[in-house]
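**Student:** Got a sequence here, can you build the structure:
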Amino acid sequence: MEYTKHLEAPDLFHLWVAIGTVAGALQRKVWIDQYHFSWTPNFFIVLVAPPGVVSKSTSANIGMDLLRNVEGVYFGPDSVTWQALFDSFQDAATVVEGIGTTSPLTVAASELGTFLDPQNRELIDVLNDMWDGKERPITRRTRGEGPTQIERPWLNLIGCTTPGWLEEHVPSIMFKGGFMSRTVFVYQERKRFLTAYIKEKMGAHAAEYAVLRQHLINDLQTIHEIKGEYLLSKESFAWGEDWYKRHWTEKNPYGLDKELFGPYFARKQTHIHKLAMVLAAATSERRVIEVTHLMQAERLVTSLEPMMNRVLGAIVDTDETRKVAAFCQMLLACGGPVNKQMAWRVCMRQMSLDDFNNAIRASIAAGFVTEVGTGTTLELRPHLPEIAAQYGDTKPGTYSQLESHTPEASLGESAPEGTK
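**Tutor:** Numbers count the residues shown, from 1 in each chain. Reported below is the predicted structural model:
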């Protein structure tokens with residue numbers, strides 16, 4: 001985080017790139033044994049943001065650049081075919097003393113669509129097995145060379161995409177399936193600050209960043225040398241058992257639908273323990289999961305849950321629900337009551353009058369807004385906590401021009417860029 005503090009992308013992007021980077025250094029040489037299966041520290045991390053806004057690819061490439069300097073780390077193709085993927089796994093096959101042959105790859109897909117074809121059921125099934133850390137090899141027949149077998153494949157993925165790509169290419173049924181629940185979606189839509197010239201911002205500290213970069217590479221090389229089983233401390237076991245009971249008996253604090261997000265809830269424990277290994281390795285060479293690692297991992301995973309409805313919305317929303325979302329985000333951005341007439345002047349660029357009135361009715365039914373008054377003085381009073389829990393991440397006050405006490409005011413050409 002110190003190494004990337006001069007960049008515009010949000011903290012969460014840099015944090016999860018760091019997690020994926022450490023995971024790529026660990027590979028399949030470490031695990032948490034659960035007798036019938038093992039947890040290994042690989043992730044499918046996807047940075048999601050509108051195009052050209054928060055530097056998704058730049059953020060991912062910074063971590064991957066560090067990882068490429070670690071001896072023994074192998075990268076797979078970012079544009080995948082079965083042949084290219086199997087060739088990369090074969091190149092990565094390594095005999096690890098005391099463990100055996102593993103075939104670990106990290107894939108950095110700056111455009112997720114070049115790597116992942118959601119319609120390719122065979123590919124998705126193989127990816128699911130690799131995330132699960134299954135011991136069995138994968139075999140594929142080729143016309144010219146016969147069957148090819150990969151021993152203990154392991155895949156760590158960092159990808160970047162937009163809500164538009166998810167909407168267009170990912171069928172809604174896939175969200176209820178295995179791949180989406182195995183994927184960590186990190187959704188952001190704003191820069192953390194504006195920097196026109198990064199080199200100038202770094203100023204005289206460029207040499208310090210060069211030293212820090214080398215320290216990070218050295219640390220990753222040390223992390224890469226860790227091998228063997230991670231054990232949970234006595235306190236970790238106690239905390240993990242208590243958390244597991246609460247996880248399955250208490251209501252989700254962010255209101256996620258237990259049926260719709262069922263596959264994710266079933267794998268949340270795995271996400272947490274994968275991340276706990278990364279956090280432990282980032283701070284010590286001791287292969288022990290302390291309770292602080294589990295607690296921090298749980299907080300980091302849970303912190304992404306408010307964004308899940310945004311990602312889900314890009315996949316399963318209808319045209320009607322998207323218009324309701326746009327309307328609610330406008331209300332959230334106002335930060336308080338808004339005159340209905342003025343709200344329509346903003347929304348008319350995005351929807352018809354019928355759609356606008358339908359969005360109001362739907363929002364009232366959902367408990368997101370209350371109508372007060374009549375005629376030109378009719379006010380829409382948003383229930384901001386409820387809207388934020390559903391749609392989130394829109395900066396309050398974006399539409400400060402829409403104040404309820406000035407219904408005669410006109411946005412005209414003063415409307416902020418991107419107003420919806």
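**Student:** Run through the stretch 51-200 of the chain and note the low-pLDDT ranges.
**Tutor:** 141-146, 172-177 (pLDDT under 70).
**Student:** all strands for it, in order.
**Tutor:** Ranges of strands in the stretch 51-200 of the chain, per DSSP state E, counting those that start in this stretch, are 94-96, 100-109, 138-142, 146-150, 153-161, 183-187.
**Student:** can you redo these as TSV with mean neighbour count?
**Tutor:** Where you see a C-beta, it was placed from the backbone N, CA and C, and this is true even at glycine. Formatted as TSV, the strands of the stretch 51-200 of the chain follow (neighbours: other CB atoms under 10 Å):
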stretch	mean neighbour count
strand 94-96	14
strand 100-109	21
strand 138-142	12
strand 146-150	13
strand 153-161	26
strand 183-187	22
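**Student:** Distance to residue 117 for those - can I get that in TSV?
**Tutor:** Shown next, in TSV, are the strands of the stretch 51-200 of the chain (distance: least, CB to CB, whole Å):
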stretch	distance to residue 117
strand 94-96	28
strand 100-109	12
strand 138-142	16
strand 146-150	19
strand 153-161	13
strand 183-187	15
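**Student:** And these: which comes nearest residue 280?
**Tutor:** strand 153-161 (16.8 Å; CB to CB).
**Student:** Paired strands for the closest one, with orientation please.
**Tutor:** Each strand paired with strand 153-161, and its direction, by DSSP bridges: strand 44-48 (parallel), strand 100-109 (parallel).
**Student:** Could you dump those into JSON lines and include distance to residue 70?
**Tutor:** Below are the strands paired with strand 153-161 laid out as JSON lines (distance: least, CB to CB, whole Å):
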{"stretch": "strand 44-48", "distance to residue 70": "18"}
{"stretch": "strand 100-109", "distance to residue 70": "10"}
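**Student:** Quick one: closest of the ones you listed to residue 260.
**Tutor:** Taking the strands paired with strand 153-161 one by one with CB to CB, strand 44-48 is closest: 18.0 Å.
**Student:** Can you list the buried residues in that closest one?
**Tutor:** 44, 45, 46, 47, 48 (16 or more other CB atoms under 10 Å).
**Student:** Mind jotting down where the helices sit in the stretch 151-300 of the chain?
**Tutor:** Counting by DSSP state H, counting those that start in this stretch, the stretch 151-300 of the chain has helices at residues 163-169, 172-176, 178-182, 198-202, 206-224, 234-249, 262-283, 291-302.
**Student:** So for residue 312, which of those sits nearest?
**Tutor:** Closest among these, once you apply CB to CB, is helix 172-176, at 6.2 Å.
**Student:** Out of the strands paired with strand 153-161, flag the one nearest residue 187.
**Tutor:** Closest among those, once you apply CB to CB, is strand 44-48, at 4.6 Å.
**Student:** List the contacts of that closest one.
**Tutor:** 13, 16-17, 19-20, 56, 59-60, 112, 127, 131, 157-163, 166, 179, 182-188, 310-311, 314 (CB atoms under 8 Å, 6 or more residues apart in numbering).
**Student:** Same check on stretch 374-392?
**Tutor:** 254-255, 306-307, 309-310, 325, 328-329, 331-332, 334-341, 343, 360, 366-373, 396, 404, 407.
**Student:** Just the CA trace of that stretch, in CSV.
**Tutor:** What follows is stretch 374-392, C-alpha atoms only, in CSV (Å, rounded to 0.1, in the frame of the first residue of the first chain):
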residue,chain,number,x,y,z
THR,A,374,-48.4,17.8,-4.1
GLY,A,375,-48.0,19.4,-7.5
THR,A,376,-44.9,21.4,-8.2
THR,A,377,-43.9,21.3,-4.5
LEU,A,378,-43.9,17.5,-4.4
GLU,A,379,-40.8,16.3,-2.7
LEU,A,380,-39.0,13.0,-2.8
ARG,A,381,-37.4,12.2,0.5
PRO,A,382,-34.9,9.4,0.2
HIS,A,383,-34.2,6.9,2.9
LEU,A,384,-30.4,7.1,2.5
PRO,A,385,-29.3,4.1,4.6
GLU,A,386,-31.6,1.7,2.8
ILE,A,387,-30.5,3.0,-0.7
ALA,A,388,-26.9,2.9,0.3
ALA,A,389,-27.1,-0.7,1.4
GLN,A,390,-28.6,-1.7,-1.9
TYR,A,391,-26.8,0.5,-4.4
GLY,A,392,-23.9,2.2,-2.4
